[in-house]
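[1] the following block contains a protein sequence and its predicted model.
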Amino acid sequence: MTILKDIEIIKTAKSRLDPALLENPGFGTLFSDHMFSMDYSGGKWGAPKIIPFGKLEVSPALTVLHYGQAIFEGLKAFKTGDGRVNIFRPDKYHERMLRSCSRLCIPAVDYGVFLSGLVNLVKTDAAWVPSRRGQSLYIRPFIFATDEYLGVKVSENYKFLIITSPVGAYYKEGINPVRLTTPGEFVRAVKGGLGAAKTPANYAASLLPAEEAKKKGFTQVLWLDAIEKKYVEEVGTMNMFFLIGDELVTPSLEGSVLPGVTRDSVIHIAKNWGVKVVERKISIDEVFAASKKGILKEAFGTGTAAVISPVGEICHDGACLEINNGQTGPFSKKLYDFITGMQYGDEPDKFGWVHTIAG
């Protein structure tokens, strides 16, 4: 691991920060003053730097625009009560980024470079980290191919950027339950495809089904497997959990499901609490049967953006089931409070997941 002690920082002449904007930042529409930048050419990554956030001038022949050779990540920084900033589980996000890079034939970025870039960028734009509970600084690292070539091949040049965005709740429902529907004829990913990689094409397939679901009054799509169309996989852009009886069940990772960092966190926490966690295939029919038997206690999605998103209703093939009377369950709420407590520094970091930047 290479720790970068010196990164060239070119600061903007004038900050765009308006403190009033941090009162209600929304999600993903407001961007901080600076960004991290590093280029790959000649078989190696060049010198990293932090520069003013701004538009990129690119060739219309850029290979990423035509063949989609790109990956991205998403993690968060949180302001603590004593003014420090916590970055949650950066090592796990880097691990997943490396897996995505490998799947898309993109050169790896050393963890020390990744972490140094995050830390220096967050320090540079520390004033952009919101201080209210429920808000955070969303961090988006991404790498894309920069060859100018109209042919399908692995690029020889790349750009690695990190941008940040002050954010509030991802879903308008917040910690309140969402309504889901299965996708009908649509599929998201197959084993051996891109479902386990955090790459733009993995998300493009979900856009039309999600729009159709929203037109019908649902918050998101509950994805089923692409082969038999009966096993639950993901929910929107999140992993899925069901509390059935005394077991916490989540779909196993078999190549079509993205390995979520929040998913991993929930599994570790639940086991630490003495809850039996089972990673296996679970069919939509089993979910409905468990509801009919009265043993489906809770269902929720997990992801970096929303942390925990309780599910109040699921509809499939014209039938609907209500979960926990459409209310947020106690287990979902306990998980949300515990994870966000660690992120904001109110809960002890017993797992060593938080990287703290001094205020």
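    Cool, the structure landed.

[2] chain center to stretch 323-332: distance?
    In terms of CA atoms, centre = their mean, to the nearest Å, the centre of stretch 323-332 is found 23 Å from the chain centre.

[3] quick one: low-confidence ranges for the stretch 101-250 of the chain?
    The model of the stretch 101-250 of the chain has pLDDT under 70 over residues 171-174.

[4] now do the strands in it.
    Secondary structure of the stretch 101-250 of the chain (DSSP state E, counting those that start in this stretch): strands located at 136-145, 158-167, 178-181, 220-224, 232-235, 238-244, 247-250.

[5] which residues in the stretch 251-359 of the chain form helices?
    Listed in chain order, the helices of the stretch 251-359 of the chain (DSSP state H, counting those that start in this stretch) span residues 261-272, 284-293, 330-343.

[6] residue 108: which of these is closest?
    Shortest distance between residue 108 and the helices of the stretch 251-359 of the chain, using CB to CB, is found for helix 261-272: 18.2 Å. (C-beta placed from N, C-alpha, C; glycine too.)

[7] and the closest one, what does it pack against?
    Under the contact definition 3 or more CB pairs under 8 Å, 6 or more residues apart in numbering; DSSP states H and E, helix 261-272 sits against helix 90-103, strand 238-244, strand 247-250, strand 276-279, strand 296-303, strand 307-316, helix 330-343.

[8] so the chain: which segments form each domain?
    8-168, 178-343 (automatic domain parsing).

[9] now the helices and strands packed on helix 261-272 as JSON lines including mean neighbour count and distance to residue 59?
    Formatted as JSON lines, the helices and strands packed on helix 261-272 follow (neighbours: other CB atoms under 10 Å; distance: least, CB to CB, whole Å):
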{"stretch": "helix 90-103", "mean neighbour count": "18", "distance to residue 59": "23"}
{"stretch": "strand 238-244", "mean neighbour count": "24", "distance to residue 59": "35"}
{"stretch": "strand 247-250", "mean neighbour count": "21", "distance to residue 59": "43"}
{"stretch": "strand 276-279", "mean neighbour count": "14", "distance to residue 59": "44"}
{"stretch": "strand 296-303", "mean neighbour count": "25", "distance to residue 59": "34"}
{"stretch": "strand 307-316", "mean neighbour count": "24", "distance to residue 59": "39"}
{"stretch": "helix 330-343", "mean neighbour count": "19", "distance to residue 59": "40"}
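
[10] which residues does stretch 214-223 contact?
    Contacts with stretch 214-223, where a contact means CB atoms under 8 Å, 6 or more residues apart in numbering, come from 171, 173, 178-183, 186-188, 206, 209-210, 213, 232-236, 240, 284, 301, 314-316.
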